[in-house]
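# I would like to see how this sequence folds:
(chains A and B)
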Amino acid sequence: AQTVTQSQPEMSVQEAETVTLSCTYDTSESDYYLFWYKQPPSRQMILVIRQEAYKQQNATENRFSVNFQKAAKSFSLKISDSQLGDAAMYFCAYRRGVIKAAGNKLTFGGGTRVLVKP
Amino acid sequence: DAGVIQSPRHEVTEMGQEVTLRCKPISGHDYLFWYRQTMMRGLELLIYFNNNVPIDDSGMPEDRFSAKMPNASFSTLKIQPSEPRDSAVYFCASRHGQGVNTEAFFGQGTRLTVV
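So this is what the prediction gives:
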């Protein structure tokens, strides 16, 4: 079974600074997708960024970027120029790439709370 | 589109009562997921549907939980009888298709408290 681990329960960052969130996963699959979701106090789960395992190039979305290390099974998220609105819980998630029943669910890590100091 | 709509946003009920959570997916989405979020277990998938058909319900904790999707625009998650350990936030999510660019859109969740 796939597992996703986020080892940092909480991270604090100064506004305008950079913070990196760690995520490791365990899988025997070669084809899969990885995601980072943001959950602000409103509870809404919002997709921040996604990465296909077959792509070597790291995904970027504006101030958000990932460092995908497939061999190490690591998928960290970097938030640059942190803003107050970035304060939230961040969840790393895994989804199998094959078209099978079990391939459709997202497996989530335990989450990392990001605090942004003004 | 208004996104995935869940109701109610908050529910407080007494142990032993029946609870029904509702979800309206995004129009055109063919996958619907029910997740539960607790402090102890994090986010876990309960069940998902494809084209209104339940595909994987292995995450449903026990027979007290049941889910239905009578049509493409509506799904329910029912707990009968409810217990205090069912207290959690329940999320519904929908998605169109299978590929990586077909992201799952989540509703705002229903916070259930069983006293």
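
# what about residue 28, neighbour count?
Looking at chain A here, since you left the chain open. When neighbours are defined as other CB atoms under 10 Å in any protein chain shown, A:S28 has 6 of them. All C-beta spots, glycine's among them, are computed from the backbone N, C-alpha and C.

# oops, I was thinking of chain B
Neighbours around B:G28, by other CB under 10 Å: 10.

# Pretty sure it sits against B:S94.
No. B:G28 lies out of contact with B:S94 (CB atoms under 8 Å); the separation is 9.1 Å.

# Please identify which helix or strand holds the one residue sitting closest to the centre of chain B.
Nearest to the mean C-alpha position of chain B, counting by CA atoms, centre = their mean, stands B:W34 at 3.1 Å. If you go by DSSP states H and E, B:W34 is part of strand B:31-38.

# Point out the residues in chain A that sit beside chain B.
Counting by CB under 8 Å from any CB of the partner chain, the residues of chain A close to chain B are A:33, A:35, A:42-47, A:50, A:52, A:91, A:97, A:99, A:101-111.

# I'd like to know which of those are buried.
Neighbour counting with 16 or more other CB atoms under 10 Å in any protein chain shown marks A:33, A:35, A:43-45, A:50, A:52, A:91, A:97, A:103-111 as buried within those.

# From those residues, which land in strands?
By the criterion of DSSP state E, membership of those in strands covers A:Y33, A:F35, A:R50, A:E52, A:F91, A:T107, A:F108.

# What sits closest to B:V115 if chain neighbours are left out?
B:E14 (5.9 Å; CB to CB, 6 or more residues apart in numbering or on different chains).

# low-scoring stretches of the chain, by residue?
Using chain A here. A:98-103 (pLDDT under 70).

# meant chain B, my bad for not saying
Checking chain B against pLDDT under 70 turns up B:1, B:100-101.

# Show me where chain B has its strands.
Counting by DSSP E, the strands of chain B are B:5-7, B:10-13, B:19-24, B:31-38, B:42-50, B:53-56, B:65-71, B:74-79, B:88-95, B:105-106, B:110-114.

# CSV for those strands, including distance to chain A?
Formatted as CSV, the strands of chain B follow (distance: least, CB to the nearest CB, whole Å):
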stretch, distance to chain A
strand B:5-7, 10
strand B:10-13, 11
strand B:19-24, 14
strand B:31-38, 6
strand B:42-50, 4
strand B:53-56, 5
strand B:65-71, 14
strand B:74-79, 15
strand B:88-95, 6
strand B:105-106, 4
strand B:110-114, 8
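
# Output those strands in JSON lines, with distance to A:D81 appended to each entry.
Listed next are the strands of chain B as JSON lines, based on distance: least, CB to CB, whole Å:
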{"stretch": "strand B:5-7", "distance to A:D81": "33"}
{"stretch": "strand B:10-13", "distance to A:D81": "35"}
{"stretch": "strand B:19-24", "distance to A:D81": "36"}
{"stretch": "strand B:31-38", "distance to A:D81": "29"}
{"stretch": "strand B:42-50", "distance to A:D81": "28"}
{"stretch": "strand B:53-56", "distance to A:D81": "40"}
{"stretch": "strand B:65-71", "distance to A:D81": "42"}
{"stretch": "strand B:74-79", "distance to A:D81": "40"}
{"stretch": "strand B:88-95", "distance to A:D81": "30"}
{"stretch": "strand B:105-106", "distance to A:D81": "26"}
{"stretch": "strand B:110-114", "distance to A:D81": "33"}
